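> what follows is a predicted protein model with its sequence.
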Amino acid sequence: MAQNAKPLKAALSYPNKTIALLCLQINQQLTILEHIKAALPKELATHALHCVFNDKSLNNRKLLVYTDSAIWASQLRFYGKTILAAIESIALAPVSVLQIKIINVPETAITRKNRIAVIPSQAVADDINSYSLTITDSQLKQSLDKLSSTLARLHRRNS
């Protein structure tokens, strides 16, 4: 006879201090991140991805904020005082150092496959060629001639 399968008890239902502590830390970090994002401009807030406290000692408490590129990291550094002021009321101890770190988010292969080069029409190549006839500067004239011939060649190949 087939036995009825007993349902598995969820892992979090067992008393485990380590898991409870980790869940508490994650919830604290999410709350702090929400306060940080609320203090930042909307466009910049979307690039504040994670935050973590580095508590080596209570005198030298460090907040690490993670973002997805160097450009956004430099923008977040400009808002350093705003970030520290936003979390001052909810932090257990004062934060003395703010560091902005970059997480490399890999670009998916799907986005690369969807990129298609847009080749201008033959009419554009002809317009560039006719414009180059009116130019007196030899370097510019040569560059426009090369551009028009390249565009014409690419248009013929893709047609």
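Thanks, I have the structure now.

> list the contacts of N129.
L144, D145, S148, S149, A152 (Cβ atoms under 8 Å, 6 or more residues apart in numbering). For glycine as for every other residue, the C-beta is placed from the backbone atoms N, C-alpha and C.

> filter these to the buried ones?
The neighbour-count test (16 or more other Cβ atoms under 10 Å) marks L144, S148, A152 as buried among the contacts of N129.

> got the contact list for the last one?
Residues in contact with A152 (Cβ under 8 Å, 6+ apart) are Q122, A125, D126, N129.

> switch to 10 Å and redo it
The contact partners of A152, by Cβ atoms under 10 Å, 6 or more residues apart in numbering, come to P120, Q122, V124, A125, D126, I128, N129.

> quick one: low-confidence parts of the chain?
Where the chain drops to pLDDT under 70, the residues are 1-14, 56-60, 105-115.

> now do the helices in the protein.
In the chain, the segments counted as helices under DSSP state H are 17-39, 42-45, 70-78, 80-87, 109-113, 122-132, 138-158.

> ok, and what's touching the second one?
The reference is to helix 42-45. By Cβ under 10 Å, 6+ apart, the list of residues contacting helix 42-45 reads L33, E34, I36, K37, A38, A39, T67, W72, Q75, L76, F78, Y79.

> select only the buried ones of the residues you listed in ChimeraX?
Entered in ChimeraX, the line below selects the buried ones among the contacts of helix 42-45, by 16+ other Cβ under 10 Å:
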select :33,36,37,39,67,72,75,76,79
